[in-house]
Every structure is written in structure tokens, then in C-alpha cells.
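J.: structure for the following, please:
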Amino acid sequence: MPTIPTTPAESGAEPLDRLPAQQPAAAELARTAARRAGDLLAPPAPVRLGDVVPAPEQVLPDPAADFTLSAGAAIRVSPAGRDVAEQLAEWLRPATGFALPIADGSLPAEGPLVLTLSEAPLTEPADAVAAADPVDAAGPVDAAGSLDGFGDEGYRLRVTPAGVRITAATAAGLFHGAQTLRQLLPASIDSTSPVTERWTVPGGSIVDRPRFPYRGAMLDVARHFFPVEDVLRVVDHLARYKLNHLHLHLTDDQGWRIAVDSWPRLAEVGGATEVGGGPGGYYTQADYRRIVAYAARRHVTVVPEIDLPGHTNAALIAYPELTPGKIAPPPYTGTEVGFSYVDPADERTYAFVADVVGEVAALTPGPWLHLGGDEAFKVPADTYRAFIKRAQTLVAATGKTVVGWHQLAPAGHVDGRVLQWWGTNGDDPETAEAVRRGARLILSPGNRVYLDMKYAADTPIGHDWAGLIDVRRAYDWDPGTHLTGVPAAAVLGVEAPLWTESVTTLAEVEFMLFPRLPAVAELGWSPRSTHDWAGFRERLAAHGPRWAAAGITFHPSPDVPWPTPAAIPTQPTRDTTADTH
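T.: The predicted structure is shown next:
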């Protein structure tokens, strides 16, 4: 170990009292010397730069440039990125015990956002930071350092011994970069209490952006109701892996989960049931706004679904005038589908649809409103198409873009319409024809990404009608080529639905999400060229200790070489008769 000079005489420097006033004080010199001495003895970072999920577009490691976060670190950020900095600090403070104050980095207001995690003040302007580490011109950052190719969600992360810098064109990109930094710290960073650890980040640079603009998951809160806090935790899980949409299945035969002021009995009466006869529940409009705001801060867009014309028994109990026979049906707490529908021949039905989608649209700042449209088995085909055509027009009148399950395909097209495809056979001429008429697709193949499917035959909860879906099956497919006759340009993205006929608690939700959710996230975010099962399973394995530290329940799939044994969470065994969706 080299001798560290402790006095001016030993170092050959002038006494400190003769140095110009702008030179570092003795205490700062001592801290710098100690840090450099520690760096000489430090082991390599416990995480490699490429050990990120989803896989980044470009990774350039520099083993000589590791950075170690210490107690004196601060987060310096431009004003437009302050909220991201605050969230980063919230993630890092519990395990490190560091204060991590947030300071104005004296950056110009214009130009790209720059978040710097460093003990040294940031003195170079934002455009100089952007150009400091130019990447291959074929990538999203050209040789001049332009950020034009980053889009709405891309970022660059650069790690040197002096600190970590994340550069993006938007706050969303900065947020995604901060999530990557979180993964580059040791796994114990996810602990909720202080941990004795050397907080080292591997050196080098990452340049990253998503393959598809829509990357999401769906939570069915209709079959079993989940309180607001559970939904917020699911939002955090999505944001951790750069998923940017949460689809909430708010209405079904078993329960209506969103308050509608103009039709109050929908929630008060229709929300009082769930599968198995539980108490149900619903979100007040204030609850829903809280979910939407929480998600927006994490750059996740909420997509509300009001399922029509079928899956409506809960609504029909509340308002019998919506039924074809004008008689209220009994409450339904089973799992069969296809038996209920609103009366498509009654104008009162369309007033109901207009009121409901109008209120839900007003509560939802995102661009999407999901109409459902699946499994209306009792409605004649021509009547179904006429109903959907009119309902789509009512949604469009709210200013929202229509999303619906792919059964909407035969109905007339409206501008911007998005079909969510949940089939199990990649040859679907009717959906391909809808794409030729202008529809875009969200891919949710039931035999690949339906997260209510069992992992294996002995999985204690879940279904198997679409097959068993282990982690590899969830990962080994390409959204860009999956559906015959549909070009990659028509694919808006991917979404992993979790139906909850057999899922009753947050722990069970997490058990079904993890470890398959990160697999779907990688399909949506990472370039096709990076998709490699062998590499993915190794990167995914390192996340087991992170989930354990964060208290996340997960299935320790035998497909994945976890670094330490993990017990399968205890799950109740129930008779879970599967429906077809």
C-alpha cells in the first residue's frame, strides 16, 4: 500500500495557510486521499455493468473506473430532474444510511437533463456532459453527443471514479437511468434497513432506449379486489423494470371497482362481491386519482378497462334496466364467463356507456381507455359489431384512444384503435386484417405472458388452460414477428396480464409476477439482438437476493441459477377452475 502524505512537508507541497483561497481545505484533501487509498485496495464491483434487466442497448465496461458511493455523497441535478433525484435518494437512503442531500447542480435550464451522483461539484454545463462520452454514431447518441436519438425514454449512464452521471432528454429517461443505477449497486441496496456494505458501481457507460413504446402489465382487480396500497406496490414493481403501463381490469361479472358519480350503485352494489364470496370493494374517485398520480410520478400510465358488452353481471345487479330482460340477475362469485351482457337494443345502455367512459376518461390523464369487448358469447355477431362501433365512438368523443381485446377486430375501425391480442395461435387472419385497416397491436399471447398460468403442474395457484408458462417460455419469443401477417411496425408493445380468479393476496400477486415479469419487460425494452436465454437467466438470477432484501415474494424457478437457495412461499391450495380468459 502506498504511503499517504499527511502533512505539507511530507508531500512536498506548500503549507496550507499559503495556498490560494480557492484550493481545497485540509479536511477535503484528507477525504480525497483516504478515498483514493481505499480504491487501491477495493475489490471489483460485485455487479458487472452488463448485469442489468432489461438488457441495455449498448454497454461499454471500464473495470478501472469503478465508483464507490460514500457517506458524503450528494445528488446534484438540474431543476427539471429534481423529482427523479428525490426518488433516487428515497431508494438509496434506507440501506446506505447516507443523507444523500439533493443540490442544484448549477446547470442551465435548457438542454438535456443531467443527474450527477458525486461528491465533487458539477462544474461543466449540461451540453458538455452530454458530449463527454460519445458513443458509436450508430447508437442513439451520435459522435457529437446529440441526444436526438434517445426519444422519450432513453438515457446514458456514465460511471467514473469521480461519480455517476445520467443524461436524458426527458424526465422519463432520467428515471429509467436511475433504475439502472439502482441495479448496479450491490443487491443489499434494496434492504429497508441500514446495511454495512461497500457501495461500489462498476465503471463504464451504458446507452439505452426502449424497443417498443408500450410495455405493461395488467392487474385484474375485479375478480378479487386489491386495496390501493397493493396496487401502488405493483406500480413500483413495474417501474423497477422499465414497464410504463398499468392496465387495471376494473369491471367484470364478480365486481365493479370504480366509483361513477352519475351511476352510484355500480360501486355501492356492484362492488360488494368477488370470487369466492369475499367482501369485494371499490376505489373511490380519490383512490383512483391517488393511483394515477403515484404511477405518473414513476412514469407509468394507468390504462382503465370498462369491459363491455359482456362481463357485466355486477353492473346488471346494480341497474337491472341495463339487462335485456330488465330483471336483476343474482350476484355472481364464480369464474365462468360469457353469460352476461348489457342490452344493445336499449338507448339507456348507450347513455350508461357515455356517462361511465366520460367520468373514467376525466379521471385518467393517459391517452388510453380500454373497452374490453371479449367473450360476449350471448350477443349475435352483427349486434356485437354494431355495439362496439358505437361504443368506440363514445370513447373517442372523450378524447381517449380506444383499446380493446382482439375480439374487437371485426368491428368498424376508429382512428388510432389498439387491439390487445391474447390468442395462443400466431396465425390470426381477422386480427391481421384489422391491422391492415389501421389498427395497432399490444401483444399478450395467453400461452406466453398470461401470468395467471401456472409455472409447472404442481404450482399451488393459477390456471393451465393456455399451458404451463415457466420463465423460459415467457422469455423465448419475439413480439416483432409473433403474429403472422403483422409487421413489427404495427406492434405498439407487450403486456403481461394477471387475472385473479385464484389470486387473493399481494404475496400471491408477487409470486405470479416474479420472476416472469422481468422476462416480459426485457422483450418490450431490449433490442432483439440482445435476447439470449442463457445470458438472461444469469442476469435474472442476481435479482433473487434483491427481491429477498425488498421483501418481494417470488417463485424460485428451477430454470434460473439463483445464487442462494430460496424457499417457495407457502400458498393455499384451492380448487381453481379456469375460465378461458
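J.: now the strands for the stretch 401-550 of the chain?
T.: Counting by DSSP state E, counting those that start in this stretch, the segments of the stretch 401-550 of the chain that form strands are 401-405, 418-421, 440-443, 491-498.
J.: pull the number of nearby residues for A314.
T.: Counted with other CB atoms under 10 Å, the neighbours of A314 add up to 29. Backbone N, C-alpha and C define where each C-beta goes, glycine included.
J.: go ahead and confirm it touches E274.
T.: No. If you go by CB atoms under 8 Å, A314 and E274 don't touch, sitting 9.5 Å apart.
J.: find the residues that touch each one of the two.
T.: Common neighbours of A314 and E274, counting by CB atoms under 8 Å, 6 or more residues apart in numbering, are A222, Q254, G255.
J.: list phi and psi for I306.
T.: I306 has phi and psi values of phi -110, psi 100 when expressed as degrees, to the nearest 10.
J.: pLDDT below threshold where in this protein?
T.: 1-44, 105-114, 116-148, 564-581 (pLDDT under 70).
J.: give me that answer again for 80
T.: Within the chain, the stretches falling below the threshold (pLDDT under 80) are 1-45, 104-149, 564-581.
J.: quick one on the thing from earlier: closest to A474 out of the strands of the stretch 401-550 of the chain?
T.: With respect to A474, and counting by CB to CB, the nearest of the strands of the stretch 401-550 of the chain is strand 491-498 at 7.8 Å.
J.: now for the closest one, which elements pack on it?
T.: For strand 491-498, the packing partners by 3 or more CB pairs under 8 Å, 6 or more residues apart in numbering; DSSP states H and E come out as strand 214-220, strand 245-249, strand 440-443, helix 446-449, helix 506-513, helix 516-525.
J.: in JSON lines, list these along with distance to W465 and mean neighbour count.
T.: Written out in JSON lines, the entries for the helices and strands packed on strand 491-498 read as follows (distance: least, CB to CB, whole Å; neighbours: other CB atoms under 10 Å):
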{"stretch": "strand 214-220", "distance to W465": "15", "mean neighbour count": "26"}
{"stretch": "strand 245-249", "distance to W465": "17", "mean neighbour count": "25"}
{"stretch": "strand 440-443", "distance to W465": "19", "mean neighbour count": "26"}
{"stretch": "helix 446-449", "distance to W465": "8", "mean neighbour count": "24"}
{"stretch": "helix 506-513", "distance to W465": "15", "mean neighbour count": "22"}
{"stretch": "helix 516-525", "distance to W465": "17", "mean neighbour count": "26"}
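J.: for E229, which of these is the nearest?
T.: Across the helices and strands packed on strand 491-498, E229 has its closest neighbour in helix 506-513 (8.3 Å, CB to CB).
J.: between the closest one and strand 491-498, what angle do the directions make?
T.: An angle of 130 degrees separates the directions of helix 506-513 and strand 491-498 when computed by axes from the mean of the first three to the mean of the last three CA atoms, to 10 degrees.
J.: report all helices and strands that helix 506-513 contacts.
T.: Taking 3+ CB pairs under 8 Å, 6+ apart as the contact cut, helix 506-513 packs with helix 228-240, strand 491-498.
J.: on that earlier part again, in a markdown table: the helices and strands packed on strand 491-498, plus distance to P264.
T.: Rendered in a markdown table, the data for the helices and strands packed on strand 491-498 read as follows (distance: least, CB to CB, whole Å):
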| stretch | distance to P264 |
| --- | --- |
| strand 214-220 | 23 |
| strand 245-249 | 20 |
| strand 440-443 | 32 |
| helix 446-449 | 35 |
| helix 506-513 | 28 |
| helix 516-525 | 36 |
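J.: out of these, flag the one nearest S193.
T.: For these, the distance to S193 is smallest for helix 506-513, at 20.1 Å, taking CB to CB.
J.: which residues touch the closest one?
T.: Under CB under 8 Å, 6+ apart, the answer for helix 506-513 is 217, 219, 226, 230, 233-234, 237, 451-452, 461-462, 498, 500, 503, 552-555, 569, 571.
J.: hmm, back to that, out of the helices and strands packed on helix 506-513, indicate the one that is most buried.
T.: strand 491-498 (a mean of 25; mean count of other CB atoms under 10 Å).
J.: what lines up beside it in the sheet?
T.: strand 214-220 (parallel), strand 440-443 (parallel) (DSSP bridges).
J.: could I get those strands as JSON lines with distance to R297?
T.: Formatted as JSON lines, those follow (distance: least, CB to CB, whole Å):
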{"stretch": "strand 214-220", "distance to R297": "17"}
{"stretch": "strand 440-443", "distance to R297": "24"}
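J.: out of those, which comes closest to G204?
T.: G204 lies closest to strand 214-220 among these, at 25.2 Å (CB to CB).
J.: tell me what angle that closest one forms with strand 401-405.
T.: Between strand 214-220 and strand 401-405, the angle formed by their directions is 60 degrees, by the same axes, to 10 degrees.
J.: ok, residues contacting strand 214-220?
T.: Residues beyond strand 214-220 that count as contacts (CB under 8 Å, 6+ apart) turn out to be 226, 231, 234, 238, 242-249, 252, 303, 305, 442, 444, 451-452, 492-500, 509, 513, 517, 520-521, 524-525.
J.: ok, back up a step: closest one to R348 among the helices and strands packed on strand 491-498?
T.: strand 245-249 (24.7 Å).
J.: okay, now the sheet partners of that closest one, with direction.
T.: Using DSSP bridges, the strands paired with strand 245-249 are strand 214-220 (parallel), strand 301-308 (parallel).
J.: need the ones you listed in CSV with distance to V414, can you?
T.: Supplementary listing: the strands paired with strand 245-249 in CSV, determined by distance: least, CB to CB, whole Å:
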stretch, distance to V414
strand 214-220, 18
strand 301-308, 15
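J.: of the ones you listed, which approaches V77 most closely?
T.: Ranking the strands paired with strand 245-249 by their distance to V77 (criterion: CB to CB) puts strand 301-308 first, at 23.7 Å.
J.: ok now that closest one, how far from the chain's centre?
T.: The gap between the average C-alpha position of strand 301-308 and the chain average comes to 16 Å, counting by CA atoms, centre = their mean, to the nearest Å.
J.: related to what we said a few turns ago, and of the strands paired with strand 245-249, who's closest to D478?
T.: Between D478 and the strands paired with strand 245-249, the shortest gap by CB to CB is with strand 214-220, which sits at 14.6 Å.
J.: relative to helix 516-525, how tilted is that closest one?
T.: Using the same axes, to 10 degrees, the direction of strand 214-220 lies 150 degrees away from that of helix 516-525.
J.: from here on, call the first residue 217.
T.: I'll keep to 217 as the first residue from here, and by that count the last item is strand 430-436.
J.: extract the C-alpha set from strand 430-436 and format it as CSV.
T.: Provided in CSV are the C-alpha atoms of strand 430-436 (Å, rounded to 0.1, in the frame of the first residue of the first chain):
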residue,chain,number,x,y,z
TYR,A,430,-45.8,0.4,-24.8
ARG,A,431,-44.6,-2.1,-22.1
GLY,A,432,-47.0,-3.1,-19.4
ALA,A,433,-48.8,-5.4,-17.1
MET,A,434,-52.5,-5.9,-16.2
LEU,A,435,-53.9,-6.4,-12.8
ASP,A,436,-57.4,-7.8,-12.5
